[in-house]
Structure formats: structure tokens, C-alpha cells
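Engineer: Got a sequence here, can you model it:
(3 chains)
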Amino acid sequence: MSAEVKSSSERNIRARFSPAGILGKPFRGLILVSRKYGAEWWIMIAGALIVSFMIIVAVFPAVFAPYGPLDQEAGGQLMPPQPGYPFGTDNLHRDVLSRVIFGARTILGVAFAAAILSSAIGIPLGLLSGFVGGILDRILSLIMDSVYSFPGLILAIAFAAMLGPGVVNITLAVAVIYIPTYFRMVRGQTLSIREEVYVEAARAIGARRWVILLQYIFPNVIASVVVIFSINIADAILTEAALSYIGLGLPAGIPDWGMDLSMGKKFLPSGTWWMITFPGAAISLLALGFTMLGEGLAEILNPRLLER
Amino acid sequence: MKNLLRYIITRTLLTIPMILILVSLVFVVLRIMPGDPVKAMLGAHAPPEVIAQKREELGLNKPIIIQYFEYLGQLVRLDLGRSMILQQDVTQPIKEKLPATLELTLVGLLFTLLIGVPLGAYAASKRRSGRDFGIRLYGNVVYCIPVFWMGLMLQLIFGVWLNWLPIAGRTSARTFVSMFERTGFYLIDTLLIGDFGAFTDVLLHLVLPSLTLGIVISGVFVRLTRSNMLDVLKTDYVLAARARGIPERKVVYRHALKNALIPVLTMMGLQFALLLAGAILTESTFSWPGMGRLLVQRIYLRDYPTIQGVIVVYAFMVSIISLVVDLIYALIDPRVKY
Amino acid sequence: MSETMQQTAEPVLEIRNLSIDYPISIGTVGAVEKVSFDLYKGEALGLVGESGCGKSTLGLSILKLVRPPGKITGGQILYKGRDIVSMRDRQILKLRGQNIAMAFQNPLTSLNPLFRIDRQFLETIHQHEPGINKSEALKLAEAILEELGIEPSRLYEYPHQLSGGMRQRIMLGLGLIMNPDIIVADEPTTSLDVIVEAGFIDLLNRLRGRYNLSILLITHNLGLVAEIADRVAVMYAGKIVEIGGADKIFHDPLHPYTYGLINCVPNIRLDQEELVTMPGNPPDLVNPPAGCRFSPRCPKVMDICRVQEPELKAPAAVQGTGQLSDQTSGAGSDTARRVTACWLYQVKGAE
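Structural biologist: Residues are numbered from 1 along each chain as shown, chains lettered A, B, ... in the order given. So this is what the prediction gives:
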């Protein structure tokens, strides 16, 4: 049909004169693919790449780090970035690059653990509440909504202050504030799926309630859960860093980005920028990676037929 | 009118159970968590009789239910208890520091809106263009930047390297001495006595910390405004306005934006909570004498009554703001049927 | 049925080979494909077709209001000789609302809910006549409201405070306030109940006579068309399949699709046993069928229909032998000229 011919030649012209077209064939291929999959794919891929990289670094820190994180004889004191010390050294003669690398493990560990804990509590509660309804649902919803509306960080600070320092306590403090997020989302989905016709049909043929829960509702909820999980981790990373920045975090022996920032703060007025810039950038990058992963996934799991 | 009154009353009453839940949560956290506050206060090695006596004094031996109701009773009388460590009423430091936090948070909110909303509207009007993508990228990235790191970097760049702006405190030492505190909001107080030099000083000190808050939270508003604008730009009335020959810019910023802003208003209420949280970190970074820094300091000192008091005050603020926003929304939108 | 034929032979809008495409993720939708027709001064032309045939898109394109990513990919829209398609934005803005106006389907969503009615009028007036002062403009607005049968006090209310019929009339008023030559009405009565609809039709006819307005009425409601239109253009799958005088189209439809369309409407008086339907579905506009687009569903389909697309031409005269001659039956005046795109009425292989 003439319409098709016109638009593909139009596409060719556009490709030829766009910057990508001028740069050459491989770019043109990329543009065509991304037009098919949309920018969301690339965002997700980018996020996945960042996350994978960080996880590898976290799992095999010794491969990447030239020194140990606690090694107080790595080099001179407060040396700016230079060959041999790409991120410089801190006031205790420690190599900042190594501290950043080893710190990845800490922060990822806490964030993952917290997210798993949150979801392990929030999801079943949400399923239960949405499915059973009644007064249980009312009470739980009220509690969860109140907690949800309260600034998470402040709650985490309160918990962390009460529980005291330590990895486990920090994880608990961070985990608590995300339970309502899972609860609300799962409950909402459960409620709407419950009303769907195919669930009615299942009930009509006598399927038991918990079977319905597991086989019908749960799989539909999983997709959204994955997205929230990713974003949860991003948030948990920021919260953990915030807690240790304030001093509520981990004991001094464990390398931690937030703590590095609070230490670096003291030396800021003298222009010691490397103690702050690199750990902070690492936090941002990691949080960004998980956010991109989560958001990209969200767009893809809700496929859109038409262009937006 | 009658309906409006009914809505106001209902909504206001709804705030009470919310506050109750939060306040109870705080109570639970502080009592049932492991860690004995008395031991922390007196030291783990204090003799057991002293510990027991202190517990009696603080009323910690009474059954938990009694303690709970005493706690609630105190709150109703706006009595936040007494700090054992510093021998002062908890309300006192809170009253002193609250305006500082509010001032910071409100100016931060102002920056957030000034940055986020226009960017979001512009991105929506230039949909799918490079500029749109860039603005969206900004919105997403900025939210992932820890607010304290943003503060530190801004301090580094504008305070240390360029030396344009102060990086600590609400005022310089000189202004501090001659400061006349009336409302606690320094911007207002300096104007009240007509001291423009002091006003400028206060303003300069406000810039970096509120900008920090503003930038980090602006991402949320960029996305929200853009999304709302996109929806509004698809509506029939926008199409009809275009069909009448109204130029695109007027259509976007006059017709569309007004409609798009309504959800932004409600979002402001939610984001206020985020701003308060961010303010705690910002206060630490900029040595800002507000409630956030108070909280952090008292955590070090293990001053549990004050910690509890501060958190209760936060809970109150968040609930009140949420209430106010809902009420304003009901008043503004002529379509809302209450 | 419209009796008055105060039409001159002067076309106020000429559409020539207009094509509009919508690129989507799975391909390009040819929403409007090489459409041509004219709109004459003072006439009411009904553009009918089922949902998705492209008529609304066509209507929007006249004022270049097609929503991106859709765009006009070819052809011309001539308004008094000037081509709208090649116009710059600034020129189009002048036309919109002033020379050519549009009235939309849903009056509740077509009026900005946050603006008072007077504000919406004043803005339009001010846009096209910046020098005018507020009280004069208000007088204009009040005058048009009176014309439409609405109390001037309604100017000070919000859209949600008015009834559906009133809103639709306000919509019309906003379109007519600057005395345009043409008004494009896209399903103007779909959201109204029949009584209000009847009142609206009377109003339109009255206004048309009074101002010698040209109306392009886009609708799938054949009854509405029968009440107002002088001529009818039938659209199917992005193409025009038949154009002719309203009378003729309804009593003697040529194209099988037109025939099916008209007979689909159940007659309340006749004793009808079954609903007449047309089998099949509208075609996929990303990959439309080869040849005539209606061929998969046509009860009178011939071999050539599936292969070659018929052009929109006057029907060839039928000889006594039942064969088609090369001459076209040039019956009637120019404006009532009939054209149809169907191999049943054209000599195959010609031209």
C-alpha cells in the first residue's frame, strides 16, 4: 500500500539526516531496535548493567581493590587522587577506592536483606488483608496507611536509635519502613483480582480459597512485586546511607559509604573533595541503577500497544 | 455550604485516629524495643538499686497499659515529658528549634516547586523531544542522589571553591549577636525590625540548604507535573481551545497547567513528609539549628524522652499538613462534590 | 430533510487527495487515504461512516489538529484557494475559530472545567480581535447566547453547572462567535438525548439559513444526516466511497456499503423481521486489503474488485442491454453530482 511505502522512505530520510544516521549504520540499527522496544528497554538494560557490575564488585572485592578497606598504611594521609590512588586517601591513610569497593558489599547486603524482610512480611499481610477483608482488613489498612504517610527516614531513625548499632539492627530499621508499601500494593491488586470473573469461575467450580490465592492471585501480583522490590532496594540504599551518615549505623570496623561521607564532611572546608565525591557518587549510581531497573521493568511488564 | 462543613469536620476527625496510631507506634517502639534506657542513662555498671530507684522515679515499673495512658494524657496536655539527661522540659528545645526547621522546609518546598513544576510542564509540552528526555532524566537521577551528598557537594562548590555562599548555620556570628527573635522565622524577624543587612545575611544562609532540599525533591514534581500535563494536554477541552485559535503557549500554560496542578497540590502534602525527613539530614550537613539536628544530637546522648518528643511532633506536623492540603483541595476545585 | 438549496456553485473548502497516517509501534495506520471532496458555501455536507473509518481524523485535519504522531502525509486542503496543509502555524491560528470553527462531541469534556463560561468566550474574542474592549466583547457573547436560546446570566457559571444540551449549545456558540464560514461538527449530538437533539437540529438549520454557514457534519447517525444535510459523503476504511445529494443517497444508494449502511437502520414503522447486518469486520488499516477495501465484505463483489481499486467517479450510464457505456450519466446540477468508487458502475480497464 502506498501508505507503507511512504512511511518507510520517510523513515529512511529521517535516519539519513539524523545524527544517528550520520554516525553510521550500527547506530541506525540501534535506533530501529529501540523504536521497536522503546526507550524503556534501554533504561532497564542500563540499570541492569549498573546493578550487575556493582554486585560483581561487591561479591569479589579483592579482585578490584588494591588495598584493604581498613588498611591504615595504604599510603599517605589525605592524598588527592593520583596514580596508584585513583580516589585518593583519607585521614587515616586508607585508600578511598578500596573503601568504596568494599563498602559496596555492606550497603548491598543491608539493602537486599531489608528488602527481603519487608516483602516477606508485607506481601503475605497484603494478600491476607485483601483476600479476607472485613475488620482485619480495616485495622491493618489503617495502621499501614498511617505508617506509610509518615516519613520513612524518621521512623527508621527512631528504630535505629532504639535498637542500637549493628548490622542486624540497621537492617531491621530499614526493613520496617517498606512493609506498608508492599502491603498496599499487594492488597490493592488482590482486591481487584478477586473481583475478576475468572476467580468467580474458580470459586464456582469449588476451588478452595487458599488454592485461589496461590494459583490465581499470586502470579499476577508477582510482576508488580518485582518492580517494587527493585525500587525498594534503591530506597533502602539511600536510607542505610542516611542512617550511617547520622551515626546510627555500623561499627567503625565495617566499611560503609554513609560513614565515609560523615567523616569526609569534617575535612571539607579544607577542600578535601575526594573523600566525599566518590562514596557519594557510588551511592547515587547504585540507587540510580536499581531505580532504572525497576522503572524499566514496570514499563515493559505493562505493554503498550501504541506509541506514547 | 453545609456539605463543605460536614466534609471539613469529617476529615478533621479522621486525623485523630491517624495521629493516635502514629503516636502509639512511637510508644511501642520506645518501650518494647530491646535496650534499657535507664541502664543507658546511668551506665551499664551502675548498682542495681540505683537502677531500680531510677525506674521507679520514671514510672517505668508500672504496667505498660498504665504507662500508655499516662503517655497519651500527657500528650493531650501538650506535655512532652522531661529529659532526664539535661534536666529540662522536652518542649523547650523543641519550641526553640521548630521554626528553624519549618523555615528551612518551607523555603525548600518553594524551591522544589519553582524548579520542578515549570520543568515538568515544559517537558510535557515538548513531548518525546530531546529536551523532554533530558528533563525526565534529570527528574529520575536527582531523586537518587542522597540529599546529604547533594548538600556536601553544594557546600564544596559554592562554599569552599567559589566562596560565594555560607555553608553553616542560619546567620553569621555578627548577625547572631544582634538577632531579635520574634517569630523564630528569621526572614520575618529581620524584616520586622527593618534590618536589611541581617535579612540578606539570613537569606544567604538559607540558600544552600534549601536549594539542596529543593533540587533533590524536585524530581518528584517534575515527573508528576509532566504526567498530569500530558493527560491534560490530551483532553477534549485543550483540543477545543486549540480549535478556537488559542496559541499553543497559552494553551499549555494557561489552560492546561491550571488543571494539571490540582494533583500537584495534593502531592505537596505527601512530599512535605519527605522534605521533613530530608531536612534532618540537611540540618546535620549545614549545622542548621533545627529539630533534625536536635534529634541527632539527643540520639547520641541517649536522651529518650526528647527523642520521643521530637518524633511525636513530627507525627503531628505530618498529619496536620495532610489535613490542610486535603481541605484546600476541596475548596479549590469547583467540581469536588462534598 | 433540508429543502432549501441556497447553495452557490462556489466551493468554500476543497479537499484534494488528502492522506493522513498514524505511525504506531507495529506499523503505519493509513487512517485517511487520498480523500477528495468539496464543501460549498451555505451547504450542509454529511460525512458518514462507521467508527474508525477516519472521518473524525479528517475533520480534525481541516484545522491541522490531528494528534501527533498522526500527520498529514499528502494532498491539499484548500480554503478559498489557500492550501491549509502548507500553512505555517501562525496562519493556521488565525483561521481557527475565526474562519473555520469546530464543535466537538462531548460538551462536558470539551469545556475547560476550571474556567467560567464568560472567560472562555472573552478569551476567544480577544484572541481574534485584540483591540476589542471587555464590555463590547461581553455584548457579543450575550448576543450569541440569545441566538442560541440561553439566558445571558449563564455566562457567569461553570460548565459543570449547566445541562448537557446547554453545554453543547455553548460549544456551538464558541465556534460561531467570530462568524466563521465553515463549522465542522464532529458527532455533535451523540451525547444528547433525542429531544435535545431535535432542538439542536432546528438550531443548526436556523443558523445555517441566517448566516449562510457551511456545515461539515461528521457522524455515524444517519437520522441526523437526513435531517440536516444537503449532500452526503460516505466513508469507509479511510476512503470516500460515495458522494451525492442526500435524497438520492437515501433512496437510491449506489455503493453496496452505502446500501448496507442505510438498510442497517431498523425502521420503526415497517414490519421488519430481522436486523439487516453487514458481515465481516472493518479492515486492518495497517495492511489494508488489495483492490477495493470493501471487497472482503461486499455482497456484490467481482474479481476485479479484489485486484484493482476503483476511483471515485460519476457512475457510467447503463445501456438498455444492462451494459455500462463509456459515458457518465451527467444528471443534475454540479452540486448534486453523484460519484461513487465501485466497479459496479465503472467500465473496467478504462483509463
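
Engineer: Which elements pack onto whichever strand or helix holds B:L261?
Structural biologist: Here B:L261, judged by DSSP states H and E, is contained in helix B:257-286. Applying 3 or more CB pairs under 8 Å, 6 or more residues apart in numbering or on different chains; DSSP states H and E, one finds that helix B:257-286 contacts helix A:152-163, helix A:218-246, helix B:91-125, helix B:147-154, helix B:196-233, helix B:291-300, helix B:304-332. Just so you know, the C-beta spots here come from the backbone N, C-alpha and C atoms, and that holds for glycine as well.

Engineer: Give me the buried stretch members for the second one, please.
Structural biologist: Across helix A:218-246, burial judged by 16 or more other CB atoms under 10 Å in any protein chain shown covers A:218, A:221, A:224-225, A:227-246.

Engineer: Within range of chain C, give me the residues from the stretch 101-250 of chain B.
Structural biologist: B:234-237, B:239-248 (CB under 8 Å from any CB of the partner chain).

Engineer: Could you identify the buried members of these?
Structural biologist: Looks like these have B:T235, B:D236, B:Y237, B:L239, B:A240, B:A241, B:R242, B:A243, B:R244, B:G245, B:I246 buried, using 16+ other CB under 10 Å.

Engineer: Check for me that the last one belongs to a strand.
Structural biologist: Spelled out, that is B:I246. No. Secondary structure assignment (DSSP: H, G, I helix; E, B strand; the rest coil) places B:I246 in coil, not in a strand.

Engineer: Could you check the pLDDT of B:M291?
Structural biologist: With respect to pLDDT, B:M291 scores 90.

Engineer: Now do the end-to-end distance for stretch C:123-135.
Structural biologist: From its first residue to its last, stretch C:123-135 covers 13 Å (CA to CA, to the nearest Å).

Engineer: what does that stretch rub up against?
Structural biologist: Identification of contacts with stretch C:123-135 by CB atoms under 8 Å, 6 or more residues apart in numbering or on different chains yields B:244-247, C:94, C:97-98, C:115, C:122, C:137, C:140-141, C:174, C:177-178.

Engineer: farthest-separated two in the residues you listed?
Structural biologist: Farthest apart among the contacts of stretch C:123-135 by CB to CB are C:K94 and C:F115. That separation is 22.5 Å.

Engineer: Can you pick out the residue with more neighbours from the two?
Structural biologist: C:F115 (20 against 13; other CB atoms under 10 Å in any protein chain shown).

Engineer: which ones are touching the more buried one?
Structural biologist: C:F115 makes contact with B:H255, C:E123, C:Y158, C:P159 under the criterion CB under 8 Å, 6+ apart.

Engineer: Hmm, C:P113 and the third one touching each other?
Structural biologist: Yep, that's C:Y158 we're talking about. Yes. Judged on CB atoms under 8 Å, C:Y158 makes contact with C:P113 at a distance of 6.9 Å.

Engineer: For the buried ones among the residues of the stretch 101-250 of chain B next to chain C, give me JSON lines that also has pLDDT.
Structural biologist: Below are those laid out as JSON lines (pLDDT from 0 to 100):
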{"residue": "B:T235", "pLDDT": "86"}
{"residue": "B:D236", "pLDDT": "86"}
{"residue": "B:Y237", "pLDDT": "87"}
{"residue": "B:L239", "pLDDT": "89"}
{"residue": "B:A240", "pLDDT": "88"}
{"residue": "B:A241", "pLDDT": "88"}
{"residue": "B:R242", "pLDDT": "89"}
{"residue": "B:A243", "pLDDT": "88"}
{"residue": "B:R244", "pLDDT": "87"}
{"residue": "B:G245", "pLDDT": "85"}
{"residue": "B:I246", "pLDDT": "87"}
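
Engineer: Mind putting those residues into JSON lines with secondary structure?
Structural biologist: Output for those, formatted as JSON lines (three-state DSSP):
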{"residue": "B:T235", "secondary structure": "coil"}
{"residue": "B:D236", "secondary structure": "helix"}
{"residue": "B:Y237", "secondary structure": "helix"}
{"residue": "B:L239", "secondary structure": "helix"}
{"residue": "B:A240", "secondary structure": "helix"}
{"residue": "B:A241", "secondary structure": "helix"}
{"residue": "B:R242", "secondary structure": "helix"}
{"residue": "B:A243", "secondary structure": "helix"}
{"residue": "B:R244", "secondary structure": "coil"}
{"residue": "B:G245", "secondary structure": "coil"}
{"residue": "B:I246", "secondary structure": "coil"}
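
Engineer: biggest separation within these, which pair?
Structural biologist: Spatially, the most separated pair among these is B:T235 and B:G245, at 17.8 Å (CB to CB).

Engineer: and residue 253, how many neighbours does it have?
Structural biologist: Using chain A. A:G253: 8 neighbours (other CB under 10 Å).

Engineer: Wait, chain B was what I had in mind.
Structural biologist: 15.

Engineer: Contact partners for it?
Structural biologist: For B:Y253, the contacting residues are B:A121, by CB under 8 Å, 6+ apart.

Engineer: and what of the one 10 residues further on?
Structural biologist: Residues touching B:P263, when contacts are defined by CB under 8 Å, 6+ apart, comprise B:L224, B:N228.

Engineer: how much space is there between it and B:L114?
Structural biologist: Separation of B:P263 from B:L114 (CB to CB, to the nearest Å): 18 Å.

Engineer: does the closest residue in space to C:G173 that isn't next to it in sequence sit in a helix, a strand or a coil?
Structural biologist: Once flanking residues are discounted, C:G173 sits nearest to C:I144: 4.7 Å by CB to CB, 6 or more residues apart in numbering or on different chains. Under three-state DSSP, the three-state class of C:I144 is helix.

Engineer: What of C:L114?
Structural biologist: coil.

Engineer: Report pLDDT for residue 61.
Structural biologist: Unless you meant another one, I'm taking chain A. pLDDT at A:P61 comes out at 83.

Engineer: Chain B, not that one
Structural biologist: What the model reports for B:N61 is a pLDDT of 68.
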